[in-house]
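[1] dropping the sequence and predicted coords here.
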Amino acid sequence: MLTTNNLTKSYNEVNALNNVSLSIKEGELYGLLGPNGAGKTTTINILSSLLKPDSGEILYQGKSLYQNLSESKRMIGVVPQEIALYEDLTAIENLKFWGTLYGIKGKKQQSKIEELLEFLGLSDRKNHKIKTYSGGMKRRINIAAALLHDPTIVFMDEPTVGIDPQSRNLIFEVIQELHSRGLTMIYTTHYMEEAERLCDRIGIIDEGKIIAEGSLEELKKSSKIKEEIHVKFTNTLKTDLSNISNHFNGQLLIQENQMVLSTSQANTDLPSLIQMCTHANLHLERLDVKSLSLESVFLELTGKSLRD
Ligand SMILES: Nc1ncnc2c1ncn2[C@@H]1O[C@H](COP(=O)(O)OP(=O)(O)OP(=O)(O)O)[C@@H](O)[C@H]1O
């Protein structure tokens, strides 16, 4: 469906993309997971022809994007990270504006708008101005705008940023329904749990490079880490714990009153961790040993937490 070969892009001195090669299959929900500034938006902007790469190739159904620009553009829908709606217009008026821009007019436009408002659960608010909408509702109209021209591939750039958990779940349901209808989607996120929950395949991007790719199971299998030891303490960890961190070679995350140790040898690391914590006068409240998460895979690959 979509293939890219060795895409590169620099903004002055910043090397935003470094030989990014992707292959997205028809109907696939592909997650591009990476921290802030990793190159996710740059990738989406390039793949949707908003931005030209410095070098590299982009093929839709085997044909070059730039040699078939108008045909390719008809296939592509983009849900941008920034909400692209007029606050003083109603939902219907906004969607009419976008529909006309895509060349969808008259009865076809009207029925498509009604269908999408129904699908996104916003029919009852269709005549209200966008400025009266919650953040989650705006995000849903943003999705509707990208679907008006029946694209076959949709890019979603962090569509759940800044919304409450209930709205996030509604957006997940929409994405899962679109996925079950066979739409190809590329979904960028810096939320590990979204990639784990939604995507068929995940590409981990860091500093402009795809550093790992595969299904969740494949990514976990390729990791040396097998388990996570989660420790909760009775108070916030304020003292210098670098000796403990150093002992575990950067595989220990310390946040507020918790530690998470990613390990391939829980049987030996668990007693050492407890001993070192006791020695540092830390009081344990709770201890769990869990199976590997994507967070640990990311930490192992990049040496940093996604939430940095
Ligand atoms: N217009 C620009 N001018 C200069 N540098 C830019 C520009 N756009 C992006 N960058 C830089 O390119 C790198 C990649 O940015 P990009 O926005 O693609 O990352 P991202 O993964 O989408 O991040 P976020 O999650 O914060 O949206 C960053 O270092 C960023 O600062």
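    That came in fine, so what should we check first?

[2] the stretch 51-200 of the chain: helices as residue ranges?
    For the stretch 51-200 of the chain, applying DSSP state H, counting those that start in this stretch gives helices covering 69-75, 91-101, 106-119, 135-147, 165-180, 192-198.

[3] could I get those as TSV with distance to the ligand?
    C-beta here means a position set from N, CA and C on the backbone, and glycine is covered the same way. Shown next, in TSV, are those (distance: least, CB to the nearest ligand atom, whole Å):
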stretch	distance to the ligand
helix 69-75	21
helix 91-101	22
helix 106-119	26
helix 135-147	15
helix 165-180	17
helix 192-198	13
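
[4] quick one: secondary structure of Leu22?
    strand (DSSP: H, G, I helix; E, B strand; the rest coil).

[5] burial of it, as a residue count?
    For Leu22, the neighbour count with other CB atoms under 10 Å is 20.

[6] just give me the residue closest to the centre of the chain.
    The chain has Thr189 as the residue nearest its centroid, 1.7 Å off, counting by CA atoms, centre = their mean.

[7] pLDDT on the strand or helix carrying Val289, on average?
    Secondary structure assignment for Val289, by DSSP states H and E: strand 284-291. Taken as a whole, strand 284-291 has an average pLDDT of 92.

[8] next, the angle from the lowest-mean-pLDDT helix or strand in the chain to strand 284-291.
    Ranked by mean pLDDT, DSSP states H and E, the helix or strand of the chain with the weakest confidence is helix 294-302, at a mean of 83. Here the directions of helix 294-302 and strand 284-291 differ by 80 degrees (axes from the mean of the first three to the mean of the last three CA atoms, to 10 degrees).

[9] what is helix 294-302 packed up against?
    With contacts taken as 3 or more CB pairs under 8 Å, 6 or more residues apart in numbering; DSSP states H and E, helix 294-302 sits against helix 192-198, strand 201-206, strand 209-214, helix 216-221, strand 258-263.

[10] which SS state does the residue nearest to Glu207 when sequence neighbours are not counted fall under?
    Ranked by CB to CB, 6 or more residues apart in numbering and with sequence neighbours excluded, the top spatial neighbour of Glu207 is Ala38, at 6.6 Å. Secondary structure, three-state DSSP: Ala38 is coil.

[11] thought Met276 was touching Asn243?
    Yes. Checked against CB atoms under 8 Å, the pair Met276 and Asn243 is within contact range at 7.5 Å.

[12] about what we covered before: mind listing what the strand holding Val289 pairs with, with the direction of each?
    Strand 284-291 pairs in its sheet with strand 227-233 (antiparallel), by DSSP bridges.
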